[in-house]
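*Asks:* Structure of the sequence below:
(one chain, ligands or ions: 2)
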Amino acid sequence: MERTLSIIKPDGVSRGLIGEVVRRFEKNNIRIAAIKMINMTKIQAQGFYAVHKERPFFASLTDFMSSGPAVVMVLEGENVISKNRELMGATNYKEAAPGTIRADFATDIEKNVVHGSDSPQSAAFEIGYFFNSFEIID
Ligand code: ATP
Ligand code: MG
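*Replies:* Ligands and ions are numbered 1, 2, ... in the order given. Below is the predicted model:
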């Protein structure tokens, strides 16, 4: 069993896509081990995306991520890190495979509805960034 961090970004929440995204996870045998809604501060978003701090889109991305409520989740399942990335689709929605969350709902390379950890190392960091062990249900 593996765990990963998923975020329904502020564009997904404001467009009423929470249920649709969660349904896709559950339908694909992914268990929600933790879930909450947060409104990230700019500082919190900067810490979360610190790996991207030298990128030209960092300021805009952290403004966007702190612009409104987001839903953060711990997903659990077999190979859930790569499985979640497959369900999400490519970062650029124009390149995302048909039927993926980003192909179906993203409107912009930045406003791409969901986030998912990309490795076991980033999953461990990202889960710990938002959840303590009491909030994650075995
Ligand atoms: P995420 O980390 O959000 O799951 P990802 O791993 O597919 O997405 P990253 O390369 O980690 O993509 O980029 C993080 C986020 O930064 C992207 O999801 C997107 O919101 C934004 N982003 C990435 N590339 C660009 C870009 N060229 N222009 C604007 N925003 C971008
Ligand atoms: Mg990423």
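
*Asks:* three-state assignment of Thr4?
*Replies:* strand (DSSP: H, G, I helix; E, B strand; the rest coil).

*Asks:* That one and Leu75 touch, don't they?
*Replies:* Yes. Shown here, Thr4 and Leu75 form a contact pair, counting by C-beta atoms under 8 Å, at 5.1 Å. Backbone N, C-alpha and C define where each C-beta goes, glycine included.

*Asks:* Now do the shared contacts for these two.
*Replies:* Common neighbours of Thr4 and Leu75, using C-beta atoms under 8 Å, 6 or more residues apart in numbering, are Asn84.

*Asks:* Wasn't Asp63 part of a strand?
*Replies:* No. Judged by three-state DSSP, Asp63 forms no part of a strand; its state is helix.

*Asks:* okay, now it: neighbour count?
*Replies:* When counting by other C-beta atoms under 10 Å, one arrives at 12 neighbours for Asp63.

*Asks:* Then the one 4 residues further on?
*Replies:* By other C-beta under 10 Å, the residues close to Ser67 number 17.
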